[in-house]
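J.: Take this sequence and fold it.
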Amino acid sequence: MKKIVLVCAAGMSTSLLVSRMKKHAEVMKEDVEIIALPVSEAGSVASEADVILLGPQVRYQKSQVESIAGDIPVEVIDMRSYGTMNGEAVLETALQLIK
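T.: Have a look, this model is predicted:
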């Protein structure tokens, strides 16, 4: 199972995006766990994640999250995909980063 972690300011603004990503994962028959949490909690799950995606509103903390994540890919979610809650596009990006 692949673990995708979405990080935002408070962990709530990404909940809709997470549900849309999960729906697309079901269609793709991908075995994934997707969670959202505030950037302040990123360190608590970083070692268990396969990829960490940051909401555009916390992009300025990318280097901080990268230092916690080590070799785990960290990327900022495309602003358009985030704004339109395009779970399909964000999931595809996450899966590409894992490979």
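
J.: Hmm, Leu37 is touching Ile4, no?
T.: No. Judged on C-beta atoms under 8 Å, Leu37 makes no contact with Ile4 at a distance of 11.7 Å. Where you see a C-beta, it was placed from the backbone N, CA and C, and this is true even at glycine.

J.: More neighbours: those two, which one.
T.: A count of neighbours by other C-beta atoms under 10 Å puts Ile4 above the other of Leu37 and Ile4, at 26 against 17.

J.: contacting residues for the more buried one?
T.: 21, 32-35, 49-51, 53, 91, 94 (C-beta atoms under 8 Å, 6 or more residues apart in numbering).

J.: Would you state the strands of this structure in chain order?
T.: Under the criterion DSSP state E, the chain contains strands at 2-8, 32-38, 51-54, 74-76.

J.: Dump the worst-scoring helix or strand of the chain on mean pLDDT to CSV, keeping only the CA atoms.
T.: Of all helical and strand segments in the chain, the minimum by mean pLDDT, DSSP states H and E falls on helix 42-45, at a mean of 88. Extracted in CSV, the C-alpha atoms of helix 42-45 (Å, rounded to 0.1, in the frame of the first residue of the first chain):
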residue,chain,number,x,y,z
ALA,A,42,4.3,16.5,9.1
GLY,A,43,7.2,15.2,11.2
SER,A,44,5.0,12.7,13.0
VAL,A,45,4.2,10.7,9.8
